[in-house]
Every structure is written in structure tokens, then in C-alpha cells.
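Q: Quick one: sequence plus predicted model below, questions after.
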Amino acid sequence: MKIGEHLISNVLGALSVIALFFSTSPVRADPPHPLPPPPINLPVLKITSITPAQPTVGETVTVAYQLTNVGSGAEAISGFIHGGYNGQGLQASSGAPDGSVTAAPHSALTGTLTFKPALPSSSDLTVALDGPPICPSSGGGPKLPCRVKVLASTTALLTVVQPTVHVRISGQSYANVASKDSQDGVFSTSQYLYVTHSPGCGWWGNNATDKFFDKKALPAGAVLEGVDYLEFWPKSVDASYASGNVFGSGGYGASETNSPPPSVKWQNTCWGPFGGQNVIYAISFRVAMPAGTDLGELTSDPGAIPNAPTVPPGYSRTPGTSPATTPAATLNLINNGVSFTGTFGSSGATGTLTAVTNDQNEAIVVITDANLGAGCASSGNVTLAAGATTTPAQMQILYGSKTPKYPKTLGACLVRLNDGSKQFLMVNLAYTPQN
């Protein structure tokens with residue numbers, strides 16, 4: 001080989017080595033494009049309403065829900081809707097009885113569950129969607145249990161309370177009665193409290209205020225809805241005298257106020273037409289409370305019959321007025337040598353006397369029942385000036401009653417010495433016949 005040819009051969013060999021080097025060096029490639037995510041479907045479950053919002057024990061509760069199938073997939077979502085509250089299961093009340101549902105892609109379905117709470121509670125109410133049961137193959141061996149996958153769930157706080165009941169009580173357990181006399185007293189039924197205040201009658205009567213719920217309140221949750229009150233009035237005593245006289249004595253009566261605490265202000269007297277009369281009233285309270293609340297005393301239905309207090313003997317539901325009387329009757333009292341006597345009212349004619357008026361032009365002494373046989377010499381009789389009329393208190397002294405019953409024998413004397421010259425004297429009698 002010639003020198004030139006050898007040189008050319010060497011150059012070509014070097015170039016081939018260089019070419020081989022460059023042909024085997026790594027070349028950086030562009031990164032691959034990411035693959036798109038696979039399509040998926042997701043269940044979204046929510047409670048849309050609970051009716052009623054605060055139910056009572058035993059009341060039907062309706063829970064409305066909405067299940068939405070969201071995502072990019074084209075698959076339906078199937079499963080079973082169920083719920084629970086405080087250990088109780090909820091029942092499907094719409095759709096399939098077993099709670100099975102199927103939500104189409106990109107759509108929502110609604111439904112309801114119901115239950116009746118057995119106990120009061122404030123707990124989470126749960127609604128859940130379970131997928132179809134997954135039961136693994138046993139492979140010829142013992143049967144394996146199926147399992148359930150929870151696909152979605154949601155909760156809401158629910159408070160269940162006892163139902164409200166309405167009752168009537170007498171209020172004796174909550175009464176703060178101002179007892180001013182040893183003969184004051186209270187008597188209770190399941191409906192009303194009867195309170196009696198006696199004047200005691202030394203020189204003066206009594207007055208005070210009875211209060212209710214001031215020292216002992218109703219239990220938590222119980223609410224006072226109303227007060228029923230009735231004052232009883234002595235029969236045949238004109239209520240216009242109840243305000244007393246200008247000197248501030250002789251006042252009688254009771255008045256109730258609902259301003260908290262409820263109270264009854266009362267007064268009685270030893271003077272005037274109402275002298276010696278007891279103040280008597282009945283009071284009752286209407287209460288709303290959760291069922292099962294213990295008020296500490298008997299309760300009754302506010303609408304039960306009888307729901308009105310019983311009227312005590314000798315009293316009336318309405319204030320008395322001046323008794324209707326017939327025109328005054330004149331009675332001639334005959335001189336028997338000791339006194340003048342006469343009987344008013346024939347056999348079979350009954351009624352009451354309300355007053356005796358001296359129809360003489362001189363003073364007389366009216367004799368008490370106890371002194372009829374003894375005449376005017378005994379003490380305790382009542383002197384009436386010419387034209388004067390007995391007061392109710394004097395009738396009480398004379399005959400043991402402000403309105404004694406007739407037929408009745410009356411006796412009287414002249415204040416001056418009975419010299420036998422006067423054969424009779426006249427008195428006028430106010431009376432009320434009894435039908």
C-alpha cells in the first residue's frame with residue numbers, strides 16, 4: 001500500500017470511530033403525555049329535613065334525604081338506605097320497603113324514613129347508604145360471612161322531648177298562707193285549694209296576703225298557664241258594706257292578682273255588717289308540663305267535670321245584696337204583766353227576720369231569747385230608742401243569728417216602769433219569706 005493510500009485509510013477509520021461514538025451516545029426524549037383519569041361515580045347523601053324539628057316521645061318523625069350520583073362516570077349507584085337514632089332503627093316510608101335505591105349517573109333521588117322515638121334524648125340521627133353485600137367465595141370450605149361497605153352517610157342532631165300535658169292543681173304544695181288566727185285553715189282537693197281566714201273577733205279582725213310559688217317554684221319545664229279564683233260571700237250580707245266605714249274599720253273581702261307571684265290580699269272584721277264573718281276563697285292553678293313531671297301533689301284534667309269549686313254552707317258565689325223583703329209587718333206585743341210578747345208567723349209560713357223597729361214614741365227594751373221568761377230585769381237585752389231599728393249585730397245578740405227564722409216569739413218592755421196601763425206595744429218587723 002502506498003503511503004497516501006495508508007493515510008486515507010487511517011483517516012476514514014478515525015471518522016468511523018467518531019461516528020460510532022456519536023451514534024451510541026444517549027439522546028434525551030420528550031416526556032410521555034399523562035393518561036386521562038378513569039371515570040368514577042361518587043354518592044353524596046344529605047338530610048334535607050326532619051319533621052317535626054323537635055318531636056315528642058311517641059310522635060312520628062319523618063326524615064327526608066337526598067342521594068346524588070356525582071362524578072364523570074356513567075355508572076348507576078345502587079345500595080340500601082337505612083337510619084338510626086338512639087338505638088332505634090328508621091323505616092323506609094317511600095320507595096322500596098327494604099330501602100333499596102338506585103341513583104342514575106349525574107342525577108339525584110329523594111326519599112323519606114320514619115320512626116317513633118321511644119325515649120327523650122338529644123343525639124345524632126344517622127342516615128347511611130350501604131352497598132350491595134359482598135360475599136366471598138368459600139372455595140368449597142366453610143361459608144364465609146358477607147360484608148357490607150358503607151358508601152355514604154350523614155348525621156343531624158335531633159332533640160326529642162316528653163310531650164306537654166295540661167293539668168290542674170290546688171297549689172297546696174306551693175302555698176304560703178298567712179295564718180293570723182288559730183281558726184284559719186286550708187282544705188285541698190285535686191282541683192282546688194279552699195282557704196279560710198277567721199277574724200277571731202277580739203277587738204279587731206285580721207288582714208294579710210297569701211302568696212303562691214314565692215317560696216317553692218314549679219319544677220323545671222313546668223309553666224303556670226292560668227289561675228282560677230273564686231271568693232265566697234256570706235249570704236244575706238250586703239256587699240256594699242265590704243269597704244268598711246270612714247274610720248277604716250269594718251272592711252271585708254279578698255282580691256287575687258296574677259302578677260308574679262300569684263297572691264290573694266284579704267281582710268276580715270269584727271265590726272259592722274261583716275263583723276265575725278270568715279273570709280273564704282277557692283283557688284286553682286292550670287299548669288303545662290312535660291309528661292311524667294312530678295308536681296308534688298295530685299293533678300286533674302283542667303276540663304274535667306266538676307271543674308268548679310263547691311260553695312261552703314252559708315256562702316254564695318256572688319256578692320250579696322240587700323235582701324228583698326216584703327213591706328214591714330206590724331206586730332202587737334201583748335202585756336202579760338211582766339213584759340210584752342207576741343209571735344210572728346203562722347204555722348207553715350217560714351222565712352227569716354232581718355230587723356226589728358221600735359214603733360213606739362218612747363224607748364223600749366227588746367228581750368233576748370234566753371231572757372224571755374225572766375223579762376227585762378236580766379242583762380244582755382237591747383235597748384231601742386223611739387223609731388230605732390236593730391243592727392245585724394244586735395239581731396245576733398238577741399236571737400243567735402243575724403237572720404233568725406220565723407215563726408218566732410218576740411218579747412219587749414218599756415224602759416219606763418210597766419204600770420199596767422199600756423196593754424200592748426207595737427214593733428215593725430222586716431222579714432224575708434222563704435218559698
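A: Here it is on my side, so go on.
Q: Tell me who's in contact with the residue most central in space within the chain.
A: Closest to where the C-alpha atoms of the chain average out (Cα atoms, centre = their mean) is Val287, at 1.2 Å. Going by Cβ atoms under 8 Å, 6 or more residues apart in numbering, Val287 touches 166-169, 218, 222-225, 295, 299. The C-beta positions use only the backbone N, C-alpha and C, and glycine is treated the same way.
Q: just checking, it is part of a strand?
A: Yes: according to DSSP: H, G, I helix; E, B strand; the rest coil, Val287 belongs to a strand.
Q: follow-up on the earlier one: mind listing which of the contacts of Val287 are in strands?
A: Using DSSP state E, the members of the contacts of Val287 that fall in strands are 166-169, 223-225.
Q: Next, count neighbours for Ile334.
A: When neighbours are counted by other Cβ atoms under 10 Å, Ile334 registers 11.
Q: Over to Met289?
A: 23.
Q: How about the secondary structure of Leu398?
A: Using three-state DSSP, the structure places Leu398 in helix.
Q: That one reaches Val365, doesn't it?
A: No: in this structure, Leu398 is not within contact of Val365 by Cβ atoms under 8 Å, at 10.7 Å.
Q: overlap in contacts of those two?
A: Joint contacts of Leu398 and Val365 (Cβ under 8 Å, 6+ apart) are 381-382.
Q: quick one, which of the two is more surrounded?
A: Counted by other Cβ under 10 Å, Leu398 and Val365 do not tie: Leu398 has more neighbours, with 24 against 19.
Q: which ones are touching the more buried one?
A: 356, 366-369, 381-382, 390.
Q: Farthest pair within these?
A: Put simply, by Cβ to Cβ the two of the contacts of Leu398 set farthest apart are Asp369 and Thr390, 13.7 Å from each other.
Q: Counting neighbours, which of the ones in strands among the contacts of Val287 comes out on top?
A: With neighbours taken as other Cβ under 10 Å, the top of the ones in strands among the contacts of Val287 is Ile169, carrying 27 neighbours.
Q: what's near enough to touch it?
A: Ile169 touches 190, 284-285, 287, 295, 297-300, counting by Cβ under 8 Å, 6+ apart.
Q: Dump these to a markdown table, plus pLDDT.
A: Output for the contacts of Ile169, formatted as a markdown table (pLDDT from 0 to 100):
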| residue | pLDDT |
| --- | --- |
| Ser190 | 79 |
| Ser284 | 94 |
| Phe285 | 95 |
| Val287 | 96 |
| Leu295 | 96 |
| Glu297 | 94 |
| Leu298 | 93 |
| Thr299 | 92 |
| Ser300 | 90 |
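Q: Emit the ChimeraX select command for whichever of these are buried.
A: For the buried members of the contacts of Ile169, the matching ChimeraX selection, counting by 16 or more other Cβ atoms under 10 Å, is:
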select :284,285,287,295,299,300
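Q: Tell me the one of the contacts of Ile169 nearest Val44?
A: Nearest to Val44 out of the contacts of Ile169 is Val287 (Cβ to Cβ; 47.5 Å).
Q: Reformat the contacts of Leu398 as a markdown table; add secondary structure, neighbour count and pLDDT.
A: Putting the contacts of Leu398 into a markdown table (DSSP: H, G, I helix; E, B strand; the rest coil; neighbours: other Cβ atoms under 10 Å; pLDDT from 0 to 100) gives the following:
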| residue | secondary structure | neighbour count | pLDDT |
| --- | --- | --- | --- |
| Val356 | strand | 27 | 93 |
| Val366 | strand | 24 | 94 |
| Ile367 | strand | 27 | 93 |
| Thr368 | coil | 17 | 93 |
| Asp369 | helix | 14 | 92 |
| Asn381 | coil | 22 | 93 |
| Val382 | strand | 19 | 94 |
| Thr390 | coil | 23 | 94 |
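Q: Looking at the residues you listed, spot the one nearest Ser49.
A: Out of those, the member with the shortest distance to Ser49 (by Cβ to Cβ) is Thr390, at 79.8 Å.
Q: Torsion angles phi and psi at the closest one?
A: The phi/psi pair for Thr390 (degrees, to the nearest 10) reads phi -70, psi 150.
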